[in-house]
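*Asks:* Fold the following and give me the result.
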Amino acid sequence: MKERINKNVGSLAFVVYFIQGALGLSAIALPLFMRENGYSISKIAWITSLTTWPWFVKILYGIISDGIPIFGLRRKPYLIICSLFSAAGWFLLAVGQAQDVTVIFALTLANLGLAATDVITDGLVVEYSDKSTAQTYQSISWGARSIGALLAGVTGGYLTVKVGYRTVFLLTGFLPMISFVVSFFIHEQPSDARSRKEKIAEAVFTSFKYLFQRKILWFMLLFAVSALPVAIGTPFFFYMKDQLRFNEFFLGLLQSLTWLGAIIGCLFYARFFKTMKDQTALYWAVMITFVDVLLVFAIRGRVSAGVLSVIGGILGYISLLPFMSLAAKLSHGTGVEGSLFAMISSIYNLSQAIFRSAGGMLYEGIGLNWLILATAFLSLTGFWFIRKLSKNMSPNPTFSSIL
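*Replies:* Residues are numbered from 1 along each chain as shown. Model prediction:
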């Protein structure tokens, strides 16, 4: 008999991940709002990096929700509370003064709510997943995020022109309220927290032990290097706005085109990379990242920007998915798959924040062209990390050397 997914969980997963993609509604408005209020490019990069710290500690949300149930429930109450956190952050940004403390607090609150909601929803999906439904749940999650992001890009750009920054933030704040409402329809059975606390503590301790294995350490360093391209993100955004004279609507369209490319990239990866040996896929990923960064030099007008946004989305996901795949493989069979994968993912999120902030500061000193070149050639250090990783992976047959 064919297994059926839980409709409540499937609906929640769709809503939460659609919202996660749709929060890109404010991606155009936010940096322009900060710039208009006197923030330098380096400060914008620093603040947006700083306020993503809730994504570095994702494992804590799982530990708290698993170990400290509210009224005996581990998911539903936290989803309700965290949805309100995320909404409150955007509402505060919509009505608060454009001061450092207010902006940092509002963005941190929004990220905290979203990151926690993401982890708790993942936990709920895992609980209801089995071999026959896991792929369906993942398809729902990734499909919803992609749809949300596609719609948010061009819609956010249009709304930024028509209604202004603060109204866009207000509308963005209503998105988490949708998951707030949906959370009330979840039917969850009360759990015994006492026995779970012991298991959680053991899982966290075991995960940290695995993190210090040489193969995991080398992989995390390699994964961190793969985050380098975000260094040029904020400076290049303002280059397109100020030098190429792209308006808000067109910048939003480019964001949607990038996500269209990402979807194509996922399909391309599934067709050509899925059965490739891990080391081969990683070598390709590093080279693709190098080319992807240098292609930025070719953006000179609207046509080239549109075409290269699609290509960049394709290349970006083709270069990311081999790392995600190997992270899952390294976590598999450890007995603490969820905790270990969350820790590895947190290292990647932290690396993105560091490189984004560093890119903004370097831009002030060396300019955009040198920043692009430095980012591209530094990404090639990934080849060295792959060699180091390969020495610690043998005799893994899927990671045999291609040299």
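*Asks:* contacts and neighbour counts: CA atoms only from here.
*Replies:* OK.
*Asks:* following the helix or strand where residue 153 lies, which helix or strand shows up next?
*Replies:* If you go by DSSP states H and E, residue 153 is part of helix 134-163. Stepping forward along the backbone from helix 134-163, the first helix or strand reached (DSSP H and E) is helix 165-183.
*Asks:* and the angle from that next one to helix 134-163?
*Replies:* In terms of direction (axes from the mean of the first three to the mean of the last three C-alpha atoms, to 10 degrees), helix 165-183 departs from helix 134-163 by 150 degrees.
*Asks:* List the buried residues of helix 165-183.
*Replies:* 165-180, 182-183 (16 or more other C-alpha atoms under 10 Å).
*Asks:* From residue 280, how far out is residue 387?
*Replies:* According to C-alpha to C-alpha, to the nearest Å, residue 387 and residue 280 sit 11 Å apart.
*Asks:* residue contacts, the closest residue to residue 87 other than its chain neighbours?
*Replies:* The shortest distance from residue 87 to any non-neighbouring residue, by C-alpha to C-alpha, 6 or more residues apart in numbering, is to residue 173 (4.4 Å). Counting by C-alpha atoms under 8 Å, 6 or more residues apart in numbering, residue 173 touches 86, 87, 88, 89, 90, 91.
*Asks:* Quick check: pLDDT value at the closest residue to residue 175 other than its chain neighbours.
*Replies:* Nearest residue to residue 175 in three dimensions, chain neighbours excluded: residue 19, at 6.1 Å (C-alpha to C-alpha, 6+ apart). What the model reports as pLDDT for residue 19 is 87.
*Asks:* ok, now which ones touch residue 19?
*Replies:* Residues near residue 19 by C-alpha under 8 Å, 6+ apart: 145, 148, 175, 176.
*Asks:* any idea how far residue 44 is from residue 7?
*Replies:* 41 Å.
*Asks:* and the two? which has more neighbours close in?
*Replies:* Counted by other C-alpha atoms under 10 Å, residue 44 and residue 7 do not tie: residue 44 has more neighbours, with 23 against 10.
*Asks:* And the more buried one, how far from residue 31?
*Replies:* Counting by C-alpha to C-alpha, the gap from residue 44 to residue 31 is 7 Å.
*Asks:* and the contacts of residue 19 as a markdown table, adding distance to residue 204?
*Replies:* Below are the contacts of residue 19 laid out as a markdown table (distance: C-alpha to C-alpha, whole Å):
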| residue | distance to residue 204 |
| --- | --- |
| 145 | 29 |
| 148 | 33 |
| 175 | 33 |
| 176 | 29 |
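*Asks:* quick revisit: please say which of residue 387 and residue 280 ends up with more neighbours.
*Replies:* Under the neighbour definition other C-alpha under 10 Å, residue 387 and residue 280 were set side by side, and residue 280 has more, 18 against 15.
*Asks:* Mind pulling the model confidence for the closest residue to residue 23 other than its chain neighbours?
*Replies:* Distances taken as C-alpha to C-alpha, 6+ apart place residue 172 nearest to residue 23, at 6.2 Å, with adjacent residues excluded. pLDDT recorded at residue 172 is 96.
*Asks:* Equivalent analysis for residue 236, please.
*Replies:* If you check residue 236, the pLDDT there is 95.
*Asks:* Give me the distance between it and residue 257.
*Replies:* For residue 236, the distance to residue 257 - C-alpha to C-alpha - is 16 Å.
*Asks:* now do residue 86
*Replies:* For residue 86, the distance to residue 257 (C-alpha to C-alpha) stands at 26 Å.
*Asks:* repeat for residue 140
*Replies:* From residue 140 over to residue 257 (counting by C-alpha to C-alpha), the distance is 21 Å.
*Asks:* Spatially central residue in the protein, please.
*Replies:* In the chain, the residue lying closest to the centroid (C-alpha atoms, centre = their mean) is residue 349, at 7.2 Å.
*Asks:* what helix or strand is that one on?
*Replies:* Counting by DSSP H and E, residue 349 is part of helix 337-379.
*Asks:* other SSEs contacting that helix?
*Replies:* helix 41-50, helix 58-67, helix 193-211, helix 214-225, helix 233-242, helix 278-294, helix 302-331 (3 or more C-alpha pairs under 8 Å, 6 or more residues apart in numbering; DSSP states H and E).
*Asks:* now the longest one against helix 233-242, angle please.
*Replies:* Same thing as helix 302-331. With the same axes, to 10 degrees applied, the angle from helix 302-331 to helix 233-242 works out at 170 degrees.
*Asks:* how about the helices and strands packed on helix 337-379 in TSV, adding distance to residue 270?
*Replies:* Listed next are the helices and strands packed on helix 337-379 as TSV, based on distance: least, C-alpha to C-alpha, whole Å:
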stretch	distance to residue 270
helix 41-50	31
helix 58-67	27
helix 193-211	28
helix 214-225	20
helix 233-242	27
helix 278-294	12
helix 302-331	9
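*Asks:* Out of those helices, which gets nearest to residue 14?
*Replies:* Among the helices and strands packed on helix 337-379, helix 58-67 comes nearest to residue 14, with 19.7 Å by C-alpha to C-alpha.
*Asks:* what's downstream of that closest one, the next helix or strand?
*Replies:* By DSSP H and E, the next helix or strand past helix 58-67 is helix 76-95.
*Asks:* ok, the contacts of residue 173 vs residue 72, which is closest?
*Replies:* The closest of the contacts of residue 173 to residue 72 turns out to be residue 86 (C-alpha to C-alpha; 23.7 Å).
*Asks:* quick revisit: leaving out the residues flanking it, which one is nearest to the residue nearest to the centre of the chain?
*Replies:* Distances taken as C-alpha to C-alpha, 6+ apart place residue 56 nearest to residue 349, at 6.0 Å, with adjacent residues excluded.
*Asks:* what do you get for residue 250?
*Replies:* With sequence-adjacent residues excluded and distances taken as C-alpha to C-alpha, 6+ apart, residue 250 is closest to residue 157, at 6.9 Å.
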